[in-house]
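Peer 1: quick one, structure for this:
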Amino acid sequence: MARSADELVDAVRGADDRGEPVLLVAGGSNLLVGDDDLPATAVVVASRGLRREPVDACGGVWVTAEAGHPWEDLVAETTANGWLGLEALSGIPGSTGATPVQNVGAYGTDVAATLAQVRTWDRREGRVATLRVGDLGLGYRTSVLKEDADRYVVLDVTFQLREGELGGPVRYAELAERLGVAVGGRAPAADVRTAVLELRRGKGMVLDDPAAGVVDHDTWSAGSFFTNPVLTADAAARLPEGAPRYPADGGVKTSAAWLIAAAGFERGHGLPGPASLSTKHTLAVTNRGSATAADLLALARQVRDGVADRLGVRLEPEPRLVGCTLG
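Peer 2: Predicted structure coming up:
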């Protein structure tokens, strides 16, 4: 267990020197590990802490969080302090260090909108390397950090935030409706955070609290299991009438959740389990209490293949698969 950046570097460097594969685990919220013995040395990223960087006021507020700092804690603290830009990303489980890897996003924004830099351990060159936002190749659920996953270890992440009360323009229609503003309008950041948490809870996408007597198996998932496909214009034109279509880099983005439902997989498909789609959200593959990785993958494979057969779109998994494959 690495409780600081130095301990994290030492642990990874030691495993590399011994020729052992490394699996970095922090929150584990975007990870599915196979049922057999782990084919790697697990390094638990347990570093905590955030600090405000001393920069010129015209540059906004620069906040740096350690890689293992819980993402939701960072969003809660920055919003409470009036440091704005992360509020629409409330309720996402996992660690801060993982967010630039996937370019985590929700409700019309993503980490790229506020990211300033990422400090890493470059395993290939054996040195600490700071990557500026322009170096990261950020795109929809991707980055240099993800594409070259065995090279970089995130040590800490720095965000450039605004000071104020109003959040940024609300670009997601469902969120705008909940806030009572037009798409593109603005609302107090605290209200945005509250509304996002309410929406996520309604979809089973906020971790439950067993200590408080709340056990919701819809939250027992790796989040959205499939990414939203980005299609060519010709492929998008072949989608059924009513399918969502959004402009995106490289083509036209559509909704994986919509495709899953249109292919006949409704909420709760697979119940009583041991694995099923969430009863609240078709994009989550959930563990009803006793599912193995093989159970989850079998359900995901059924959904992926059904969408491909019926709609001609092949869905790609979003979680990292370790010691297993979707096939």
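Peer 1: next, count neighbours for Leu179.
Peer 2: Neighbour count of Leu179, defined by other Cβ atoms under 10 Å: 20. Yep, even glycine has a C-beta here, placed from its N, CA and C like the rest.
Peer 1: identify the residue nearest it in space, chain neighbours excluded?
Peer 2: Nearest-residue entry for Leu179: Ala187, 4.5 Å, with adjacent residues in sequence omitted and distances by Cβ to Cβ, 6 or more residues apart in numbering.
Peer 1: who are the packing partners of the longest helix along the chain?
Peer 2: Looking across the chain with DSSP state H, the single longest helix is helix 293-311. Using 3 or more Cβ pairs under 8 Å, 6 or more residues apart in numbering; DSSP states H and E as the contact test, the elements touching helix 293-311 are strand 31-33, helix 256-262, strand 275-277, strand 284-287.
Peer 1: quick one: list the elements packing against the first one.
Peer 2: Which is strand 31-33. If contacts are counted by 3+ Cβ pairs under 8 Å, 6+ apart, strand 31-33 sits against helix 293-311, strand 320-322.
Peer 1: that older thread, just to check, the residue nearest to Leu179 is in contact with Glu177?
Peer 2: No: when contacts are counted by Cβ atoms under 8 Å, Ala187 is not listed as touching Glu177 (11.6 Å).
Peer 1: show me where the chain has its helices.
Peer 2: Applying DSSP H to the chain gives helices spanning 5-17, 71-80, 99-102, 144-147, 173-179, 189-202, 233-237, 256-262, 293-311.
Peer 1: residues making contact with stretch 159-174?
Peer 2: For stretch 159-174, the surrounding residues in contact (Cβ atoms under 8 Å, 6 or more residues apart in numbering) are 59-65, 78, 82-88, 107-109, 113-116, 176, 179, 181, 183-189, 191-192, 199.
Peer 1: and the buried ones among those, selectable in ChimeraX?
Peer 2: Here is the ChimeraX command that picks out the buried ones among the contacts of stretch 159-174, judged by 16 or more other Cβ atoms under 10 Å:
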select :60,61,62,63,64,65,78,83,84,85,86,87,88,107,108,109,113,114,115,116,176,179,181,186,187,188,189,191,192,199
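Peer 1: out of the contacts of stretch 159-174, list just those in strands.
Peer 2: Filtering the contacts of stretch 159-174 for membership in strands, criterion DSSP state E, returns Val61, Trp62, Val63, Thr64, Ala65, Trp83, Leu84, Thr109, Leu115, Ala116.
Peer 1: show the pLDDT at the first one.
Peer 2: I take that to be Val61. What the model reports for Val61 is a pLDDT of 94.
Peer 1: pull the contacting residues for it.
Peer 2: The neighbourhood of Val61, defined by Cβ under 8 Å, 6+ apart, consists of Arg52, Trp83, Gln160, Leu161, Arg162, Glu163.
Peer 1: okay, those residues in JSON lines with distance to Arg151 and pLDDT next?
Peer 2: Written out in JSON lines, the entries for the contacts of Val61 read as follows (distance: Cβ to Cβ, whole Å; pLDDT from 0 to 100):
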{"residue": "Arg52", "distance to Arg151": "30", "pLDDT": "94"}
{"residue": "Trp83", "distance to Arg151": "31", "pLDDT": "96"}
{"residue": "Gln160", "distance to Arg151": "25", "pLDDT": "96"}
{"residue": "Leu161", "distance to Arg151": "28", "pLDDT": "96"}
{"residue": "Arg162", "distance to Arg151": "32", "pLDDT": "94"}
{"residue": "Glu163", "distance to Arg151": "35", "pLDDT": "93"}
